[in-house]
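Visitor: sequence and computational prediction follow.
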Amino acid sequence: MSTSIRRLRQGRLGNQGLDLPLDPAEKTLMIGSAAKRIEELFESLQIDHRNDHNTRDTPQRVAKMLVEEVLRGRYEAPPRITEFENVQGFDQLIVTGPIELRSTCAHHLMPIYGQAFIGIIPAADGKILGLSKYDRIVDHFASRLQIQEELVKQIGQHIVDLTAPRGLAVRVSAVHMCKTHRGVRASHRSRMVNQSYHGLLEADQGLRQQFLQECIALERD
Ligand SMILES: Nc1nc2c(ncn2[C@@H]2O[C@H](COP(=O)(O)OP(=O)(O)OP(=O)(O)O)[C@@H](O)[C@H]2O)c(=O)[nH]1
């Protein structure tokens, strides 16, 4: 129990994971602690959650949603990866997507949703990741409080660290509800698009162009 409390007290950036994933007992502790504070938030907002049939269980519900769903990429280990030997020495561009992306804005805690695309030029003598693992990696880093610039970099750096490809590109195209649902109330079609490049995909403009063309084709299909 003392370990759990110590770990829970460590401060971390909103888009960083804890040093160690939480075990089930620690998750329960965190949910209970967060629920109490959400009750206080409701009280500050003059919402009588104890007597309101609609919001009676909401603090507990929201705390559970934050720890187990919306922010779970901070409290769980990155997905387990299946790697295959690159037996045939495949060294051309692979592009996968669209990968559905659901994240949360670090500034207003509003949803970010959109698509990610990943381009990989594997190392001929290296490993190839199982295709579904790219979706799981995107989901892991998206399940934190993010800004899009840092999200694409975290996804890219993680894949580079795991597989040391010759080239890697990550592209995200997403709607930020902090911009569409409040504030400036931009069009729901208003998106932010950005990329992060490594290795050959950073160095070679032709390869970057090929990656972007594949993304556009995959977006259209
Ligand atoms: N660069 C970047 N900006 C973001 C991202 N998500 C949200 N923002 C913006 O971050 C800003 C939030 O900071 P503030 O200007 O302090 O927020 P605010 O005073 O509520 O301003 P408005 O949103 O304009 O009403 C807003 O302009 C958001 O649109 C992101 O992923 N990247």
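Guide: Looks like it arrived, so ask away. Keep in mind that this is a model prediction, so the values were computed, not measured.
Visitor: pLDDT weak spots in the chain?
Guide: 1-11 (pLDDT under 70).
Visitor: who in it is up against the ligand?
Guide: Residues of the chain found near the ligand (C-beta under 6 Å from any ligand atom) are Cys105, His107, Ile147, Gln148, Glu149, His176, Cys178, Lys179, Gly183, Val184. For glycine as for every other residue, the C-beta is placed from the backbone atoms N, C-alpha and C.
Visitor: which among the residues you listed end up buried?
Guide: Listed as buried from the residues of the chain next to the ligand are Cys105, Ile147, Gln148, His176, Cys178, Lys179; burial here means 16 or more other C-beta atoms under 10 Å.
Visitor: the closest residue to Gly130 other than its chain neighbours: neighbour count?
Guide: What sits nearest to Gly130 in space, not counting adjacent residues and going by C-beta to C-beta, 6 or more residues apart in numbering, is Thr82, at 3.9 Å. Per other C-beta atoms under 10 Å, the neighbour tally for Thr82 reads 12.
Visitor: in this protein, which helix is the longest?
Guide: Longest helix of the chain, by residue count under DSSP state H: helix 24-44.
Visitor: in it, what counts as buried?
Guide: Neighbour-count burial for helix 24-44, with 16+ other C-beta under 10 Å as criterion, is recorded at Glu26, Lys27, Leu29, Met30, Ile31, Ala34, Ala35, Ile38, Glu39, Phe42.
Visitor: the helix or strand that comes right after it to helix 24-44, inter-axis angle?
Guide: With elements assigned by DSSP states H and E, the helix or strand that comes after helix 24-44 is helix 58-65. Relative orientation of helix 58-65 versus helix 24-44 (axes from the mean of the first three to the mean of the last three C-alpha atoms, to 10 degrees): 140 degrees.
Visitor: residues in contact with helix 58-65?
Guide: Met30, Ile31, Gly32, Ser33, Ala34, Ala35, Lys36, Ile38, Glu39, Leu41, Phe42, His49 (C-beta atoms under 8 Å, 6 or more residues apart in numbering).
Visitor: let me know the closest of these to the ligand.
Guide: For those, the residue nearest the ligand by C-beta to the nearest ligand atom is Leu41; the value is 18.2 Å.
Visitor: what about the closest residue to the closest one other than its chain neighbours, neighbour count?
Guide: Leaving aside its chain neighbours, Leu41 sits nearest to Pro59 (7.9 Å; criterion: C-beta to C-beta, 6+ apart). When neighbours are defined as other C-beta under 10 Å, Pro59 has 21 of them.
Visitor: how close does Pro59 sit to Ile47?
Guide: 10 Å (C-beta to C-beta, to the nearest Å).
Visitor: so what's the closest residue to the ligand within the chain up against?
Guide: Ranked by C-beta to the nearest ligand atom, the top residue of the chain for proximity to the ligand is Gly183, at 2.8 Å. Residues in contact with Gly183 (C-beta under 8 Å, 6+ apart) are His108.
Visitor: hmm, back to that, now, which of the residues of the chain next to the ligand lie within strands?
Guide: Using DSSP state E, Cys105, His176 are the members of the residues of the chain next to the ligand that sit in strands.
Visitor: could I get the residues of the chain next to the ligand as TSV with distance to Ile99?
Guide: Below are the residues of the chain next to the ligand laid out as TSV (distance: C-beta to C-beta, whole Å):
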residue	distance to Ile99
Cys105	19
His107	24
Ile147	19
Gln148	14
Glu149	18
His176	18
Cys178	22
Lys179	22
Gly183	27
Val184	28
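Visitor: I appreciate the help and will end here.
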